[in-house]
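1. Got a sequence here, can you build the structure:
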Amino acid sequence: MNEEQFMQEAIAMACNNAKGTRGGPFGAIVVKDGRIVGRGVNEVTSAHDPTAHAEVQAIRDACRNLNDFQLTDCDVYTSCEPCPMCLGALYWARVRAVYYGFDRNDAADAGFDDSLIYEEIPKPVTERRLPMIRLAVGTPGDNPFELWKRSVLRTDY
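-> From the prediction side, this is the model:
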């Protein structure tokens, strides 16, 4: 399959999902070495999980199938420009490239408007609509980051 065919597959998955009750009109696939290794559609409403976006589901599926937590040599084809959450997940997964069909304006026109999140991210923590309150608790021995830095069992990522 070529890039256009992979994109057509992601869009076909989104269209099929739009006809049912699993979730929104989004589909994504993960491709490695020319073959699909992960698939996902939006299942937010059926899974009762606000993180069950197509890209996140495809990342989870690919990681299970490849038995790895990184998708370094993989490309993602998604029916729509990833939302901020999915974009973060794609960076964490370390995918090589993301190809998308429709953009955030198309999504917003259909009721999936992420503009608030895009506006909130660059704001200082203290100025966001969602209260973000830092609580300093514990003792120096309770610092998980210090424990992590000293751990010989950790797997860096």
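2. Roughly how far does the residue lying farthest from the centre of the chain sit from residue 146?
-> Within the chain, the residue lying farthest from the chain centre (C-alpha atoms, centre = their mean) is residue 139, at 34.5 Å. Residue 139 sits 11 Å away from residue 146, going by C-beta to C-beta, to the nearest Å. C-beta: built from backbone N, CA, C; applies to glycine.
3. swap in residue 75?
-> Counting by C-beta to C-beta, the gap from residue 75 to residue 146 is 37 Å.
4. Who has more neighbours out of these two?
-> residue 75 (17 against 11; other C-beta atoms under 10 Å).
5. my guess is that one contacts residue 94, does it?
-> No. Under the criterion of C-beta atoms under 8 Å, residue 75 is not in contact with residue 94, lying 11.9 Å apart.
6. does residue 43 really touch residue 57, like I thought?
-> Yes. At 6.3 Å, residue 43 counts as touching residue 57 under the criterion of C-beta under 8 Å.
7. what about these two, which has more around it?
-> For residue 43 versus residue 57, neighbours defined as other C-beta under 10 Å are more numerous around residue 57 (25 against 20).
8. Just the element for that one, please.
-> Remark: residue 57 resides in helix 54-66, with elements defined by DSSP states H and E.
9. And the contacts of whatever helix or strand comes next after that helix?
-> Using DSSP H and E, the helix or strand that follows helix 54-66 in sequence is strand 74-80. Outside strand 74-80, the residues that touch it by C-beta atoms under 8 Å, 6 or more residues apart in numbering are 3, 6-7, 9-11, 13-14, 25-32, 37-38, 54-55, 58-59, 62, 86, 90, 93, 95-104, 106-107.
10. so what strands line up beside strand 74-80?
-> Partners of strand 74-80 in the sheet, by DSSP bridges, are strand 27-32 (antiparallel), strand 97-102 (parallel).
11. okay, the ones you listed, which one's buried deepest?
-> strand 27-32 (a mean of 27; mean count of other C-beta atoms under 10 Å).
12. Mind listing residues that contact the helix or strand following that one?
-> For strand 27-32, the following helix or strand on the C-terminal side (DSSP H and E) is strand 35-41. Defining contact as C-beta under 8 Å, 6+ apart, one finds that strand 35-41 is touched by 6, 9, 13-14, 16-17, 22-23, 26-31, 53-66, 71, 74.
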